[in-house]
Structure formats: C-alpha cells, structure tokens
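Novice: below: sequence and its predicted model.
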Amino acid sequence: MQAVEKPRGGARPSAPIGPSSGSDGPSGLQSLYDGNALHLASMLFGSGSLDALGAGRFGAPATSGRPGPGAKGTLKAEITRLCNVIAAKRGEAGALLASNMALRVRCAALHLMSRAVTEIIEHRAACGGGAGGAEAPSAAGGGVDFVELAALQAGVTEAGAALSGDMLEGAGEVELLRGLPHLAPDASILHIENVSPADVDSVRKLDMAQVQRLWKGLVEEALVALIPGSSSLQALTDVGVRMSRFHGILSVWNWMMYMGYQTTHMTTGEATYALDDAPLSHWERVIRAARLTRLQGMLYVDMYRIYSGRVGVLYTEMASLLEQLRAGHTAAAENQAAAAAAAAAGLGGGGGVPPLHSADVLTAQFALLERLDACVRAEQAALTVTSMAVRALFSPAQWARTMAIAYPYPGHLRLCCEVLEAALRLSPEFFVD
C-alpha cells in the first residue's frame, strides 16, 4: 500500500484513489478517509503535531514516521467526538434562537395589547366615559370598567418592561411588526377613534335582534366584496374597518349584548360557542381564509396565552371567594340552628333566636362579594382587550374575510388558537409566507 505522507507545513496529504496492492491493507477509499482525517487533525492541532498527539494524547510512542493504526483510529474517534460537539452546539444555538424569537413575540404581543388599552381608554374619555369622575360600571352593566382597563394597562406595561428592559420600546418588538403595515406605530389599530357620543348612545340601546341584523348586513357586504372581479381590495378593507369598529364599540359600551352576540348562532338565535355547533374543521377553513402570515399566527397564539394566564388566576381567586361565601353562610346557618334548638329546649336564656348573620359576618360577606365583583370586572376587561387586540392583528381585509367565512357563527378565540398552534407546528401551508 502506498504510504500516506505525513503533512508538513499545512500541506494536504496525498492518498491513493485506487485499491490497495496489499491483501491486508485498507481499501483506496479508506486510505483517502485516513488521509483526510490526518489533514483535519493537522488543521485542528497544528502542523507537525501528529507525533505529539500519538505520544501524549493517544498513548502511542513519539516517532518521526507516520502514526500507527491505533493513532489513526483514535484520531477518527476524536473527529467524531468533535462533530458531535458541533452538532450539539448547533442544537443549542437553534434553541436559543427559538427562545429569542418567543421573547420578541411576547414583547410585541404585550406592546399591541398596551396600544389597544390606550386606544380604548382614549375612546372612553372622548365619549364621556373616562377617568374624569365617571362612575365605574357594575360587572352586569353596559360598559367595560375604566378602572380595570387602567389596571390592566399597568400590568401589561410592567410585564413588557420586564421582558424588554425598556418599557415596550426598542426591544425589537416594533421592528418585528414592520412587516404588518396596518400595525404601524402611528396607525389606529382598533378604528374607534372617530366615534361620536351619539354613535355610542345608539349602540348602548341595541338589543340582540338589532345586533344580529346589523352584523348580517356587514357580512353580506363582505361576501359581495369576496366575489372574484366584483369588487376591489379597498371595498373589502372598508367593510373590515366597519366590522372592527362595530365589534369595538359594542364590547366597550354594551357588554351584555356583545357577550350575547359572541355566544349566539346568528340565524337560529340558539346558544353556541361549542364544538357541537361548529366543528374544528369549520375553524380550520376560517383560518385558511384569513391568509395570515406566520408572525400573525404566533402573535395570536401568544395573546391568547397571556389572556388565559390572566383569567386563570382570576378563576382561581373567584373559586376561593365563592367557597368562603358558602362556608360563611353554612357556619352562620349552623349557629342559628343550634341557637334555635337551645331556645326550644329552654336553654337560650330568653334571648330568642339570633339573626342568620351578625353584623361582623355580614361585613365580611359583603367584602367577599365586592372582591368577587371586581374579579368579574377584571375578567371582562381582559376579554375585551384581548378580543380587540386579536382583531387588530388582522388587517381590515383579513378580518372581513374571516368574519364572512365564520358566519353564521361568531368568532371563537380558543378554537382558532388551537388551529393556529397546530398549523405553526405542522402545517406551514396555512400561512402566506
């Protein structure tokens, strides 16, 4: 077999291509591999280092000749190890890039939610429902609570600042949104900035039949605009803006009708919001029709996760408050029953049966009820802001397509989120980029 010349001065060793002449020697391909392995080792450890490697690293005697077969095998193992290290580092780099992207998406989602809250607060103030002494509505009332909106905005801003370190500015989230022109920094994202107090007053007075009739008219306009060749993109954009504005005003000023609309089949009037009414395949068709970018899908999912985390905490607190109310009432009823039994047996000292709740117990129960009402209002504010921020993710034309295809069902935040989560993992064809 032709000897593999020891590399000198960084020169690549030569190796035969043909088969070996020796019966016990390696094949020509193996010789070529050995030569390349030695060349790589020379580059890794420096020219003239193979003797040192053989002596100190691989346990072979240091010689001025070529390394023995044992040294070559150990070199191959070392190169394999280095390749595995490189693969592992590449995996770590990929994980870090994915983590960085997730953080940028979270910052962008919080940024958009903060913008949505700001626009809602400004809209309420312009229409007479701002912080200038206006009484906060009850959770059963007609509008979203201004106080809860302000608290939600503070929480969103604080969370964004903790991630970006710069109060939602300059951490890459704005740069991330540059590919979505309808979310430009100077753009209105909710389309409720030019609503007059008279418009608000009319929306406050709507009943469910009127809401359904108005919405059906908007959907019919969108369907006409979707007919190929019948209209321009501008027509679809115009109806999308009006759809978004109608949703926004209704959710801010007529909460009960908004929730009724969000849980009612538009033609039958029956309760909906379950898979029994609209299968998951329906929402897959809706999301495909939206023609979202992958970034929009990621932002949608992240906004829903933020919302779920917030209301999850509220639901836990509300369950605890209800349990305390039940326990307090049960204890008071048991005490009253014991007092009544004692009075009947002539052991009550003539004081009669005490009231069900003492003044102290009533005070404690009322405090629990007030806190429960505050939790319900916080949930209402969170749902309002999330719904509006998610709508803002869609361009007006995308929103018009989405709502037209979804009809006669209202939108479904959770099921659309599930579709998008699956699409982000498995179905890139859902997205236009």
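Specialist: Alright, I've got the coordinates. Numbers count the residues shown, from 1 in each chain.
Novice: who's in contact with the helix or strand Val224 falls within?
Specialist: Using DSSP states H and E, Val224 falls within helix 208-226. Helix 208-226 has contacts (CB atoms under 8 Å, 6 or more residues apart in numbering) with 206, 230-232, 235-236, 239-240, 242-243, 246, 250, 257, 260-261, 264, 266, 269, 400-401, 403-404, 407. For the C-beta atoms, the positions are set from N, CA and C on the backbone; glycine is no exception.
Novice: quick one: secondary structure of the residue lying closest to Met266 once chain neighbours are set aside?
Specialist: Of all residues not flanking Met266 in the chain, Pro408 sits nearest, at 3.8 Å (CB to CB, 6 or more residues apart in numbering). At Pro408 the chain is in coil, as set by DSSP: H, G, I helix; E, B strand; the rest coil.
Novice: gap between Pro408 and Thr263?
Specialist: Per CB to CB, to the nearest Å, Pro408 is found 13 Å from Thr263.
Novice: these two: who's more crowded?
Specialist: Using other CB atoms under 10 Å as the criterion, Pro408 and Thr263 rank with Pro408 on top: 16 against 13.
Novice: so the more buried one versus Asn254, what's the distance?
Specialist: Going from Pro408 to Asn254 by CB to CB gives 20 Å.
Novice: just give me the neighbour total for Ala116.
Specialist: Residues contacting Ala116 under the criterion other CB under 10 Å number 27.
Novice: roughly how far apart are the nearest residue to it once chain neighbours are set aside and Leu183?
Specialist: Once flanking residues are discounted, Ala116 sits nearest to Ala389: 4.2 Å by CB to CB, 6+ apart. According to CB to CB, Ala389 stands 10 Å off from Leu183.
Novice: tell me which residues in stretch 195-204 are buried?
Specialist: Neighbour counts over stretch 195-204 (16 or more other CB atoms under 10 Å) mark Val195, Val200, Val203 as buried.
Novice: any idea whether the first one is helix, strand or coil?
Specialist: Put plainly, it is Val195. State at Val195, reduced to three classes by three-state DSSP: coil.
Novice: pLDDT value on Ala62, please?
Specialist: The score at Ala62 is 46. That number is its pLDDT.
Novice: repeat that for Gly160.
Specialist: Residue-level confidence at Gly160 comes out at 61, pLDDT.
Novice: what segments of the stretch 301-433 of the chain are helices?
Specialist: Ranges of helices in the stretch 301-433 of the chain, per DSSP state H, counting those that start in this stretch, are 359-393, 396-406, 413-426.
Novice: could you give the angle of the strand or helix carrying Ala125 to helix 359-393?
Specialist: Ala125 is located in helix 69-126, with elements delineated by DSSP H and E. Going by axes from the mean of the first three to the mean of the last three CA atoms, to 10 degrees, helix 69-126 is angled at 110 degrees with respect to helix 359-393.
Novice: could you say what helices and strands helix 69-126 packs with?
Specialist: Counting contacts by 3 or more CB pairs under 8 Å, 6 or more residues apart in numbering; DSSP states H and E, helix 69-126 is packed against helix 28-45, helix 146-164, helix 173-176, helix 233-253, helix 294-344, helix 359-393.
Novice: now Thr74: how far from Arg81?
Specialist: Thr74 is 10 Å from Arg81, by CB to CB.
Novice: just want to know which of the two has more residues nearby.
Specialist: Set side by side, Thr74 and Arg81 show more neighbours around Thr74, with 19 against 10, by other CB under 10 Å.
Novice: I'd like to know how far the more buried one sits from Thr118.
Specialist: 65 Å.
Novice: what stretches of the stretch 301-433 of the chain score poorly on pLDDT?
Specialist: Along the stretch 301-433 of the chain, the parts satisfying pLDDT under 70 run over 336, 339, 342-358.
Novice: one step back: pretty sure the residue nearest to Met266 is touching Gly269, no?
Specialist: No. The pair formed by Pro408 and Gly269 falls short of the contact definition of CB atoms under 8 Å, at 10.1 Å.
Novice: how about the closest residue to Asp238 other than its chain neighbours, what does it touch?
Specialist: Residue nearest to Asp238 in three dimensions, not counting chain neighbours: Pro396, with 7.5 Å by CB to CB, 6+ apart. Applying CB under 8 Å, 6+ apart, we find Pro396 in contact with His182, His191, Leu236, Thr237, Asp238, Val239, Gly240, Val241, Met243, Ser244.
Novice: how about stretch 210-224, which residues are buried there?
Specialist: The neighbour-count check on stretch 210-224 (16+ other CB under 10 Å) flags Val211, Gln212, Leu214, Trp215, Leu218, Val219, Glu221, Ala222, Leu223 as buried.
Novice: what's the closest of these to Asp360?
Specialist: Of all these, Val211 has the smallest distance to Asp360: 45.5 Å, by CB to CB.
Novice: mind pulling up the pLDDT for Ser164?
Specialist: For Ser164, the pLDDT comes out at 57.
Novice: same check on Leu110?
Specialist: We have a pLDDT of 88 for Leu110.
Novice: list the contacts of the residue nearest to Ala116.
Specialist: Ala109, Leu112, Met113, Arg115, Ala116, Ile189, Met303.
Novice: same thing but 6 Å
Specialist: Leu112, Met113, Ala116, Met303 (CB atoms under 6 Å, 6 or more residues apart in numbering).
Novice: count of neighbours near the last one?
Specialist: Counted with other CB under 10 Å, the burial measure for Met303 works out to 27 neighbours.
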